[in-house]
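Engineer: sequence and predicted model, in that order:
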Amino acid sequence: MLKPFSLTSLLLTAWLALATLPACSDNIQPEYNVKLLALPGQTPLTGATSVSLEAVGSGLQTTVAVTAGQLPTLSLRGLDSRKVKAATFVVKVNGPQGLIAYGRSPRIRLVNQTIQLFVLVQTLGSLASASEDPLIPRLADGAVVTAAIKEPEEPQAVAVPVILGGKTINTAGNEEPTRVAVLYNPYLHAVVTPNLFTATATGAAVLARADGTIWFFGGRTEGPPLTFSGVANQIGTDQLLNEVTMGLTATYTPAPEATQVPREGAVLAEVPVAGAAVLLAFGGQTVPDSTMPAAVKTLSSVVLINPALAAGVVSLFGPSMLAPRSGHTATVINVNVPPTATAPAVLRTDVLLFGGTFDPAGPVAEVYDATLGQFAALADAGPPRVNHAVLALPDGRQLIVGGVDASGVPIADVRIYEPLSRTFTPFALPLQRPRSGAAIFVLGNDLVVCGGLDATNAPVPDAERFDLATLAPLPALPAAPRTGAKVAYLPDGTALLIGGRAPDAGGLRPTSTIEVYRPRDVPAAP
């Protein structure tokens, strides 16, 4: 039976061993030995009858029986690195009623050596701490994205969580802004802090593009909000040793008018404009004088960033939103509009702009039609709110859940948005406790609302879950009591909940907590 332990030292040992094992001759068939690891507090082999190991795409697999109290030895032979360049190793733990736990390695380059690999195995439908020891600094209020990175020789991209900016606790025990970027290596359960050539900031709008670059705009380090920041590039991996490295390089050049709109809290979306994919930064707020909080101004303007230009030129976009917004969401939705008697079928790209305004003269929600280049107000979007989540349902509709009202009180109102008709309908999601600052995400067929603060501003120590297809409730899980945790997605089909604020002697302050959620369903084969 697996026992809880810290992963970092064991995985680093495995990494070094992999680099130093002697090569085998061509006449000796290499062997891949796999050891199983568990998250602290989990025993995923409890009740298991067998464990299977498969090298995906090679046709090779093995199954061994589980004897109570004994850890099985898993190994595969016959992986010829001259014929199969890389493989993903999948472990399935089986019980009398079927699959009970699952684990998956990254896509690893095969070598003609006998090597030892470690695969993290986690119980299905569970939430657990990633380590008994802090792996990241105490961080809050930053941005977390999942970067898709790919080496030139590899056909598949690899998902890597990146944490940018935010606030931390310094050596004196005080809270302060940080310009650090942190890359969490999901293969070693370790952290890389790359060299930075540009500052990241709290309140920056951040977007990870499919080409592996991470774009971030605006935000605040010290003083008033920034006009622009930079684009992260030079991201690469070495999957033979399961190492991930990253560098950030600033390549923005603002057009003159962009220097007049420094902002924080904007939201980035990638949309087609005049046939080219560009980035639009919607709204946010600006502080003309950082010593005068009353001077905060919420913005309706939109900034355009063109990644196709060598310098990533930043300029003001032509039309503005119908309402100033901060604490809002911008959701890109591609809509297949069926043909009519007078018009053919078309693919329409909309950006749903929801919440972020308490201006009674402005709509709670509006849509930017990228085809027409126009904003249109939407009706029946429910009460105004900020800091909510918009989640895609399996049928293409969008679920709007969470958020707080103008008084900072969590609201229970939930809406479902129908993209084709651009209409909202109320929905009675059976959420036991409305909460602010919760980590709200979808993974597999699970909708998870984790942590946050209740109406009394007390941290909620659980994760409520729902079946995504029916929105029926599932059993809740214990969770770290915190607010503002950010979510990234890992290559093995799990979600990582990072940082946020947790109670300590000084109040709600940045935390280093990392939790891993594995959905009830096994992810599709890599």
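Structural biologist: Arrived safely, thanks for sending.
Engineer: how about the nearest residue to residue 271, chain neighbours excluded?
Structural biologist: Leaving out its chain neighbours, the residue that sits closest to residue 271 by CB to CB, 6 or more residues apart in numbering is residue 370, at 4.7 Å. C-betas here are computed from N, CA, C, even on glycine.
Engineer: contacting residues for the one you found?
Structural biologist: Applying CB atoms under 8 Å, 6 or more residues apart in numbering, one finds that residue 370 lies in contact with 271-273, 348-351.
Engineer: how about the residues you listed in CSV, adding distance to residue 64?
Structural biologist: Supplementary listing: those in CSV, determined by distance: CB to CB, whole Å:
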residue, distance to residue 64
271, 51
272, 52
273, 56
348, 53
349, 50
350, 51
351, 51
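Engineer: show me which of those are buried.
Structural biologist: 271, 273, 349-351 (16 or more other CB atoms under 10 Å).
Engineer: between these, which is nearest residue 500?
Structural biologist: residue 351 (27.3 Å; CB to CB).
Engineer: wait, doesn't the closest one sit right on residue 332?
Structural biologist: Yes: between residue 351 and residue 332 there is a contact under CB atoms under 8 Å: 5.5 Å.
Engineer: what do these two both touch?
Structural biologist: Residues touching both residue 351 and residue 332 (CB under 8 Å, 6+ apart) are 269, 271.
Engineer: out of the buried ones among the contacts of residue 370, which is nearest to residue 395?
Structural biologist: Using CB to CB, these come closest to residue 395 at residue 350, 16.4 Å.
Engineer: next up, identify which helix or strand that closest one is on.
Structural biologist: Assigned by DSSP states H and E, residue 350 falls within strand 346-354.
Engineer: partner strands of the top strand by length along the chain, with direction?
Structural biologist: Longest strand in the chain by number of residues (criterion: DSSP state E): strand 98-109. If you go by DSSP bridges, strand 98-109 pairs up with strand 86-95 (antiparallel), strand 122-123 (antiparallel).
Engineer: run through who's touching the shortest one.
Structural biologist: Looking back up the chat, that one is strand 122-123. Contacts of strand 122-123 (CB under 8 Å, 6+ apart): 38-39, 42, 44, 100-103, 128, 494, 516, 518.
Engineer: state the mean pLDDT of that strand.
Structural biologist: Strand 122-123 shows a mean pLDDT of 94.
Engineer: ditto for the longest one
Structural biologist: Mean pLDDT, taken over the full extent of strand 86-95, equals 91.
Engineer: what residues of it count as buried?
Structural biologist: Across strand 86-95, burial judged by 16+ other CB under 10 Å covers 86-94.
Engineer: thinking again about what came up before, now distance to residue 418 too, for the strands paired with strand 98-109, in CSV please.
Structural biologist: Below are those laid out as CSV (distance: least, CB to CB, whole Å):
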stretch, distance to residue 418
strand 86-95, 38
strand 122-123, 36
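Engineer: please identify which of the ones you listed is closest to residue 163.
Structural biologist: strand 122-123 (21.7 Å).
Engineer: helix or strand next in line after that closest one, which one?
Structural biologist: The first helix or strand that comes after strand 122-123 along the chain, using DSSP H and E, is strand 126-129.
Engineer: is it correct that residue 110 is in contact with residue 81?
Structural biologist: Yes: using CB under 8 Å, residue 110 is in contact with residue 81, at 4.0 Å.
Engineer: returning to that earlier point: contacting residues around the longest strand of the chain?
Structural biologist: The contact list for strand 98-109 (CB under 8 Å, 6+ apart) reads 36, 44-45, 47-48, 81, 85-94, 117, 119-124, 154, 156, 158, 186-187, 239-240, 242, 491-493, 518, 522-523, 526.
Engineer: buried ones in that strand?
Structural biologist: So, applying 16+ other CB under 10 Å, buried residues of strand 98-109: 100-109.
Engineer: quick one, the next helix or strand after it and strand 98-109 angle?
Structural biologist: Later in the chain than strand 98-109, the nearest helix or strand by DSSP H and E is strand 115-120. Here the directions of strand 115-120 and strand 98-109 differ by 130 degrees (axes from the mean of the first three to the mean of the last three CA atoms, to 10 degrees).
Engineer: what's the distance between strand 115-120 and the middle of its chain?
Structural biologist: 25 Å (CA atoms, centre = their mean, to the nearest Å).
Engineer: direction included, what does that strand pair against?
Structural biologist: Strand 115-120 has the following strand partners under DSSP bridges: strand 31-37 (parallel).
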